[in-house]
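K.L.:
Quick one, what's the 3D model for this:
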Amino acid sequence: KVHNKPLFIIYRASLIPMCDSMLRFWNREAQEYGWEGIHFVETMTMFENIRMSNCFDARIEFEPLYTIGHHLGIPKKGMRYIKKQIRFALEKWGYPIPNIILNRINYDLIWHNILARKRKREIPVYLGAFTDWDNTPRRKEDALMIMGADPAKFEQYLKQQIEIAKERKSELLFINAWNEWAEGAYLEPDERYGYQYLEALRRAMRL
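P.N.:
Numbering: from 1, shown residues only. Purely as a prediction, here's the structure:
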């Protein structure tokens, strides 16, 4: 809870019809049960990046997609066009058409943009962090792959992000993710690193 309000996060609020009315109704219901209301938090992603309702109390930087979509200028539609042209050329000349993945981004580049960001203070923003990203299990040739991640880098970047959150007097920081296996973003142990990401998280939180 935040100020006796249960914290409730909404992903892509722009897709919800009558979002304002829904949030106001839920607030009234919560108040009837003795709470101060609900602490609604809007997720900032690579999609729309404007406040969808004044009923939200805060926002979350959903990493790495928020940075990729709004601070690196990755032309997602442009990539799809290039892939389409490559497939067309290969098909025309009779070559086999492979799965083509062009969206590869450097892990350090994304984190450097996250840590250097200047943020406005007009509404509380909870900072984000991420372990890794590779959604080829879901997207196949349209996947986005981040290259160069490892637990040691994650630990060092997370320490810096925690310090920034402290400077902003923010008690919350959101990590993507605990078990997002289909998108290659997870803290749970795996065969490659074992418990190293969880151990990195523990060390970073000892600041």
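K.L.:
Next secondary structure element downstream of the helix or strand of the chain with the lowest mean pLDDT?
P.N.:
The least trusted helix or strand in the chain, going by mean pLDDT, DSSP states H and E, turns out to be helix 76-92, with a mean of 57. Using DSSP states H and E, the next helix or strand after helix 76-92 towards the C-terminus is strand 103-106.
K.L.:
Run through the neighbouring helices and strands of the helix or strand following that next one.
P.N.:
As assigned by DSSP H and E, the chain's next helix or strand after strand 103-106 is helix 107-116. Helix 107-116 sits against helix 65-70, strand 144-147, helix 151-167, with contacts defined as 3 or more CB pairs under 8 Å, 6 or more residues apart in numbering; DSSP states H and E. C-beta coordinates here come from the backbone N, C-alpha and C atoms, glycine included.
K.L.:
The same query, at a cut-off of 6 Å, please.
P.N.:
Applying 3 or more CB pairs under 6 Å, 6 or more residues apart in numbering; DSSP states H and E, we find helix 107-116 packed against helix 65-70.
K.L.:
helices or strands next to the helix it packs on in the packing?
P.N.:
helix 107-116.
K.L.:
Report the angle between the helix it packs on and helix 151-167.
P.N.:
Counting by axes from the mean of the first three to the mean of the last three CA atoms, to 10 degrees, helix 107-116 lies at 10 degrees to helix 151-167.
K.L.:
Could you pull up the mean pLDDT of helix 107-116?
P.N.:
The average of the pLDDT scores along helix 107-116 is 94.
K.L.:
Could you pull out the buried residues of it?
P.N.:
Tyr107, Leu109, Ile110, Trp111, Asn113, Ile114 (16 or more other CB atoms under 10 Å).
K.L.:
Check which residues of the helix or strand just after it are buried.
P.N.:
Going down the chain from helix 107-116, the next helix or strand is strand 125-130, by DSSP H and E. Within strand 125-130, the residues scored as buried using 16+ other CB under 10 Å are Val125, Tyr126, Leu127, Gly128, Ala129, Phe130.
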